[in-house]
Structure formats: structure tokens, C-alpha cells
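J.: Predicted coordinates and the sequence they were generated for:
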Amino acid sequence: MNGQPPAPPAPPIAFADFLKVDIRIGTVVAVDPFPEARKPAFKLAIDFGPLGVKRSSAQITVLYRAEQLVGRQVAAVVNFPPRQIGPFRSEVLVLGFPDANGAVSLVGVDPAVPNGGRLF
């Protein structure tokens with residue numbers, strides 16, 4: 001393990017609170033290096049279908065190479081305000097879980113679903 005205990009459970013929330021978080025599926029259409037990032041990261045362009053192509057910075061370089069990511073469907077929060085990360089504007093938060101060493105393993109779907117589909 002990475003020396004960090006698992007995060008404790010969050011307090012209960014109402015279903016209405018869950019619905020405020022807009023989690024959608026999209027397909028990675030482009031991956032670029034992000035050498036200006038403090039921690040190794042990629043710049044991703046993700047096609048969310050009717051929502052368009054959105055950009056995200058993702059610290060996923062431990063488990064993934066750029067060529068593995070193009071065409072992969074990923075889950076992301078699409079209704080957070082954009083965040084400036086150095087010279088890059090990140091529009092969505094790509095979701096993942098830590099593996100036993102703390103590296104990020106992406107959340108996706110199997111089988112594929114239409115881009116822009118919302119988690120419920």
C-alpha cells in the first residue's frame with residue numbers, strides 16, 4: 001500500500017445532493033504531455049458528445065501512456081468551474097481510484113456507451 005490509510009466514509013447526503021454532481025462519460029480524442037505541471041501529467045481532450053470536447057489535466061502517467069488513452073472512455077465531473085493549472089485551463093475532473101501504490105486507475109465503462117451519458 002502507499003502508506004496512506006483508506007479514506008474514511010463520507011457523511012450521508014441526500015439523493016438531491018448526489019444529483020448536483022454531473023458525471024458524464026467521454027472518449028479521449030487527444031493526449032499531450034504537460035511538462036509545466038508540478039507532478040507528471042497529461043493534457044487530455046475528451047469528447048462528451050452533445051456537451052462538446054472538454055479539456056482536463058490528469059496525473060495518470062504512472063499507469064498509462066498517451067497512446068493507450070486515445071479512444072478510451074473515461075468518467076469525469078463536468079460541472080465544476082474551470083480550473084487554471086499553470087498555463088492550462090482544465091474544464092472537467094477526470095475520475096479515478098488509487099491503486100495499492102497510490103497511482104490513479106481511471107474510471108470507465110464496459111462495454112462502451114454513447115459519449116455524454118450521465119451517471120445515475
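T.: Looks like it came in fine. All values reported here derive from a predicted model rather than from experimental measurement. Numbers count the residues shown, from 1 in each chain.
J.: where does this structure dip in pLDDT?
T.: Applying pLDDT under 70 to the chain flags residues 1-4.
J.: Now do the buried residues in the lengthiest strand in it.
T.: Longest strand in the chain, counting residues (DSSP state E): strand 23-33. Residues 23-28, 31 are the ones in strand 23-33 that count as buried (16 or more other CB atoms under 10 Å). C-beta here means a position set from N, CA and C on the backbone, and glycine is covered the same way.
J.: Kindly list the main-chain dihedrals of residue 16?
T.: Recorded main-chain torsions at residue 16 are phi -60, psi -30, according to degrees, to the nearest 10.
J.: neighbours of it, just the number please.
T.: Neighbours of residue 16 under the rule other CB atoms under 10 Å: 7.
J.: Next one: it from residue 78, what distance?
T.: Distance check for residue 16 against residue 78: by CB to CB, to the nearest Å, it reads 18 Å.
J.: and what of residue 6?
T.: Here the criterion is CB to CB. By it, residue 6 lies 27 Å from residue 78.
J.: Check residue 98 too.
T.: Relative to residue 78, residue 98 is positioned 22 Å away (criterion: CB to CB).
J.: Residue 23 too?
T.: When CB to CB is the yardstick, residue 23 and residue 78 sit 7 Å from each other.
J.: what is in contact with those two at once?
T.: Residues touching both residue 23 and residue 78 do not exist when contact is defined as CB atoms under 8 Å, 6 or more residues apart in numbering.
J.: most centrally placed residue in the chain?
T.: Residue closest to the mean C-alpha point of the chain, counted by CA atoms, centre = their mean, is residue 94 at 0.9 Å.
J.: Surely it touches residue 74?
T.: Yes: the criterion here is CB atoms under 8 Å, and residue 94 meets it with residue 74 at 5.4 Å.
J.: Residues that sit against both of the two, list them.
T.: With contacts defined as CB under 8 Å, 6+ apart, the residues shared by residue 94 and residue 74 are 44, 46, 106.
J.: which residues does the first one bridge with?
T.: Think residue 44. residue 31, residue 56 (DSSP bridges).
J.: what number of residues lie near it?
T.: Each residue near residue 44 was counted by other CB under 10 Å, and the total is 28.
J.: mind listing what the residue nearest to the centre of the chain touches?
T.: Contacts of residue 94 were listed using CB under 8 Å, 6+ apart, and they are 44, 46, 56, 58, 60, 74-76, 106.
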